[in-house]
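> For reference, the sequence and a predicted model appear below.
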Amino acid sequence: MTTTVYARVESPLGELLLVGEESAADGPDTAGAGGAAGGVRLRSLSVPGQKGGAVVEDGWRCAPEAFTEVGRQLEAYFAGRSTRFDVPVAEGLGTEFQRRVWAVLESIPYGSTVSYGEVAAQVGASGAGVRAVGTAIGRNPLLVVRPCHRVIGADGALRGYAGGLERKKLLLGLEGGAERSEP
């Protein structure tokens, strides 16, 4: 059995809502250093007002200690001291197609951008599949950690971001990747 735990963390994007799964065997006293070895797996990272973002539900337990390591990595990222995340994430989220798209997102280097069409080509969904890729990207539950903000329009324009285009622009500016770059 798993318990849903959550915490709120301040960031330049606003207050982030972190949601994770904690297995009964791990319990609150064995969460360790933010879940890295303790079994808490990140299920969602949402920003205020995010389209489709998580909302705290009855029965969830507030457990900031379970997200210490995630918080440390987010702080380092926003301070420009880190370019990647290494946090355990919940398994089984999304459809098989969404997971393929999300895997491509995880491979986009810090400071780089790719187009929706390039992502579609990498998952074998070119042409009309670009729209399906956009939908899968929009359903990414791990904003920032799984860098969907690095996907832009083929013309270099900022397009669709569940957290809002201003936040996408902020993240790309932080990474120095606001300009179009080739994969």
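Good, I have the coordinates. Numbers count the residues shown, from 1 in each chain.
> got the residue ranges for the strands in the protein?
Per DSSP state E, the chain carries strands over the ranges 2-9, 16-23, 41-46, 61-62, 114-115, 151-152.
> so can I have JSON lines of those showing mean neighbour count and mean pLDDT?
Any C-beta I mention is one placed from the backbone N, CA and C, and that applies to glycine too. Listed next are the strands of the chain as JSON lines, based on neighbours: other C-beta atoms under 10 Å; pLDDT from 0 to 100:
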{"stretch": "strand 2-9", "mean neighbour count": "18", "mean pLDDT": "96"}
{"stretch": "strand 16-23", "mean neighbour count": "23", "mean pLDDT": "94"}
{"stretch": "strand 41-46", "mean neighbour count": "24", "mean pLDDT": "97"}
{"stretch": "strand 61-62", "mean neighbour count": "12", "mean pLDDT": "98"}
{"stretch": "strand 114-115", "mean neighbour count": "22", "mean pLDDT": "96"}
{"stretch": "strand 151-152", "mean neighbour count": "25", "mean pLDDT": "96"}
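> from memory V144 sits against Y77, does it?
Yes: between V144 and Y77 there is a contact at 7.1 Å, judged by C-beta atoms under 8 Å.
> who touches both of the two?
Common neighbours of V144 and Y77, counting by C-beta atoms under 8 Å, 6 or more residues apart in numbering, are F85.
> And for the residue nearest to E175 when sequence neighbours are not counted, the neighbour number?
Closest residue to E175 apart from its sequence neighbours, by C-beta to C-beta, 6 or more residues apart in numbering: G111 at 4.6 Å. For G111, the count of nearby residues is 15 (other C-beta atoms under 10 Å).
> Phi first, then psi, for G111.
Main-chain dihedrals, G111, degrees, to the nearest 10: phi 80, psi 0.
> pretty sure it contacts G176?
Yes: taking contacts as C-beta under 8 Å, G111 lies within contact range of G176: 5.0 Å.
> what's the distance between V119 and S11?
Distance, V119 to S11, by C-beta to C-beta, to the nearest Å: 25 Å.
> Which pLDDT does the model give E91?
Here, the pLDDT recorded for E91 equals 91.
> dump the residue contacts of the residue nearest to the spatial centre of the chain.
For the chain, L142 is the residue whose C-alpha lies nearest the centre (C-alpha atoms, centre = their mean; 2.3 Å). Residues in contact with L142, defined by C-beta under 8 Å, 6+ apart, are 42, 44-45, 89, 102.
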